[in-house]
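Engineer: give the three-dimensional model of this entry:
(2 chains)
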2 protein chains.
Amino acid sequence: MYSNDTNLEAAKQFSGWHSIINWGQTHYRDRIFQKDERIPTRSGLLYLVELGAIRLVDRGQLSIDITKDFEGIENSSEIFLGFIQAGEAFEIVSRPPFKIEAFAHIEPTKVIWLYWHDIDNWNNFRRELLDLFRYRQQRQLLWLSTLGQQRAIDRLFGFLSLLIEDYGTPCELGKCLPYYLTHAQIGSAIGSTRVTVTRLMGQLKKQGLIVIQKDNLICLPR
Amino acid sequence: MYSNDTNLEAAKQFSGWHSIINWGQTHYRDRIFQKDERIPTRSGLLYLVELGAIRLVDRGQLSIDITKDFEGIENSSEIFLGFIQAGEAFEIVSRPPFKIEAFAHIEPTKVIWLYWHDIDNWNNFRRELLDLFRYRQQRQLLWLSTLGQQRAIDRLFGFLSLLIEDYGTPCELGKCLPYYLTHAQIGSAIGSTRVTVTRLMGQLKKQGLIVIQKDNLICLPR
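Structural biologist: Below is the predicted model:
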């Protein structure tokens, strides 16, 4: 049972998944998105990814202006917060100054939206969904720990390992992240810059800790 | 209903909380811990905090030895991952090299442990518990975003704001974190050092963004 032995594969196999997807289609709650198109989201709604993959980002960070008395200046950069794959669900919570947004990371990406009360009569589905959030909470705790590391190279390698563990697909060498991320996106996740990430990726490659495959996909060798 | 309007207060008011606590006591599943005592935890068990507060930390981080070919060297420092207050629950998942541990942050701290199947017949309680994990997952996403900021001062202020929002108690000035954290502990959470935290806390104080009250408690003024 998933609750006693958490893993993403099990969590994704919602028993009620197909009937919910059908319900969404019948009720015109589905839409297809192109690469990098923003999913219009609202607090309180629940989004199921039927196809493709979602990239969660934060675009609302404030920076403290250290030259003046406090004045928050908006930080234009986007912070990468993870993927939501087909078979998974997400919700977006509003809490200024954070501005969490969802983008289709690949195309086509198909999303169904629901209210929580829409699934009031699908108790098992609801439970499986909450188990998925519970699993994600456990993984985020590991991610938080990784970002607590002082050296950027440790944050980088820890971050890539967790991401590939969750979203990687088996390849000849080991496991490969099936999505492309720019060095700037990776940097935004680990509190570092594009330039630093490029340098440190080179170091990880040299040490054989990662391999870059065609289409710039990152692979963790066995 | 909590599921449509998530907040910690609502999440903590488990309807079945008291009966579960009684059940735990009747079945000798409760224990009191002194300050900084480690809670012996096992994967697959669920822990309810009846009294006091828990500090979650990771003590298993590996560092990449950049002078050699890859060799993970154990990082002796402890990374602070958050609090679990009375009325909340936690579980510890094993995933090497991470080594997540729970400590009593204050005394007395009283913890009840259960198996998930112990609450199979308490469906509402189970659901409320999963809603709590769902809420925590949402908050951790904001925390991840905060740690993605490049400047340590932004990470520091974002981290303190989130922590005080979740765990602060009202005080004359605004809201105050009722637990003491060392600068080293704060630094470990935001990927920074004790020395940097001390310097940046001074800056935040000077700008009036935080106030330090007696017993070194951190307060966010209104």
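Engineer: neighbours around residue A:117, how many?
Structural biologist: Neighbour count for residue A:117, taken as other Cβ atoms under 10 Å in any protein chain shown: 11. In this view, the C-beta of every residue, glycine as well, is placed from N, C-alpha and C.
Engineer: ah, wrong one, I meant residue A:185
Structural biologist: When neighbours are defined as other Cβ under 10 Å, residue A:185 has 18 of them.
Engineer: where along chain A do the helices fall?
Structural biologist: Taking DSSP state H to define them, one finds helices in chain A at A:8-12, A:17-26, A:123-147, A:152-167, A:183-189, A:194-206.
Engineer: now tabulate those helices in CSV and tack on mean pLDDT and distance to residue B:56.
Structural biologist: CSV is the format used below for those (pLDDT from 0 to 100; distance: least, Cβ to Cβ, whole Å):
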stretch, mean pLDDT, distance to residue B:56
helix A:8-12, 50, 22
helix A:17-26, 88, 32
helix A:123-147, 92, 7
helix A:152-167, 95, 17
helix A:183-189, 96, 21
helix A:194-206, 96, 28
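Engineer: nearest to residue A:176, of those?
Structural biologist: Checking the helices of chain A against residue A:176 by Cβ to Cβ gives helix A:152-167 as the closest, at 7.3 Å.
Engineer: does chain B sit close to the closest one?
Structural biologist: Yes - using Cβ under 8 Å from any Cβ of the partner chain, helix A:152-167 reaches chain B at A:153-155, A:157-158.
Engineer: could you report the pLDDT at the closest residue in space to residue A:42 that isn't next to it in sequence?
Structural biologist: On the basis of Cβ to Cβ, 6 or more residues apart in numbering or on different chains, the spatially nearest residue to residue A:42 that is not a chain neighbour turns out to be residue A:92, at 7.4 Å. pLDDT recorded at residue A:92 is 94.
Engineer: and residue A:52, how far from residue A:84?
Structural biologist: Going from residue A:52 to residue A:84 by Cβ to Cβ, to the nearest Å gives 10 Å.
Engineer: more crowded one of those two?
Structural biologist: Shown here are residue A:52 and residue A:84; by other Cβ under 10 Å, residue A:84 has more neighbours (24 against 20).
Engineer: so the closest residue in space to that one that isn't next to it in sequence bridges to which residues?
Structural biologist: Distance criterion Cβ to Cβ, 6+ apart; nearest residue to residue A:84, sequence neighbours excluded, is residue A:54 at 4.0 Å. Beta-bridge partners for residue A:54, by DSSP bridges, are residue A:84, residue A:104.
Engineer: what does the one 4 residues further on give?
Structural biologist: With beta bridges defined as DSSP bridges, residue A:58 has these partners: residue A:79, residue A:100.
Engineer: right, and it touches residue B:145 too?
Structural biologist: Yes - using Cβ atoms under 8 Å, residue A:58 makes contact with residue B:145 at a distance of 3.9 Å.
Engineer: what residues do the two have in common as contacts?
Structural biologist: Common contacts of residue A:58 and residue B:145 (Cβ atoms under 8 Å, 6 or more residues apart in numbering or on different chains): A:79, A:81, A:98, A:100.
Engineer: in TSV, list the residues you listed along with pLDDT, distance to residue B:164 and neighbour count.
Structural biologist: Shown next, in TSV, are the shared contacts of residue A:58 and residue B:145 (pLDDT from 0 to 100; distance: Cβ to Cβ, whole Å; neighbours: other Cβ atoms under 10 Å in any protein chain shown):
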residue	pLDDT	distance to residue B:164	neighbour count
A:79	95	21	26
A:81	97	22	24
A:98	92	15	20
A:100	95	20	23
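Engineer: of the residues you listed, closest to chain B?
Structural biologist: Chain B lies nearest to residue A:79 out of the shared contacts of residue A:58 and residue B:145, by Cβ to the nearest Cβ, at 3.8 Å.
Engineer: please name the residues that touch the closest one.
Structural biologist: Contacts of residue A:79 (Cβ under 8 Å, 6+ apart): A:57-59, A:61, A:188-189, B:144-145, B:148-149.
Engineer: hmm, try it at 10 Å
Structural biologist: Contacts for residue A:79 (Cβ atoms under 10 Å, 6 or more residues apart in numbering or on different chains) come out as A:56-61, A:98, A:100, A:185, A:187-191, B:144-150.
Engineer: show me what contacts residue A:33?
Structural biologist: Counting by Cβ under 10 Å, 6+ apart, residue A:33 touches A:39-40, A:51-52, A:54, A:102-111.
Engineer: got the buried residues for stretch A:103-122?
Structural biologist: Under the neighbour-count criterion of 16 or more other Cβ atoms under 10 Å in any protein chain shown, stretch A:103-122 has A:103-106, A:109-114, A:116, A:118-119, A:122 buried.
Engineer: an error on my part: the question was meant for stretch A:141-158.
Structural biologist: Applying a neighbour-count criterion of 16+ other Cβ under 10 Å, one finds A:141-150, A:152-158 buried in stretch A:141-158.
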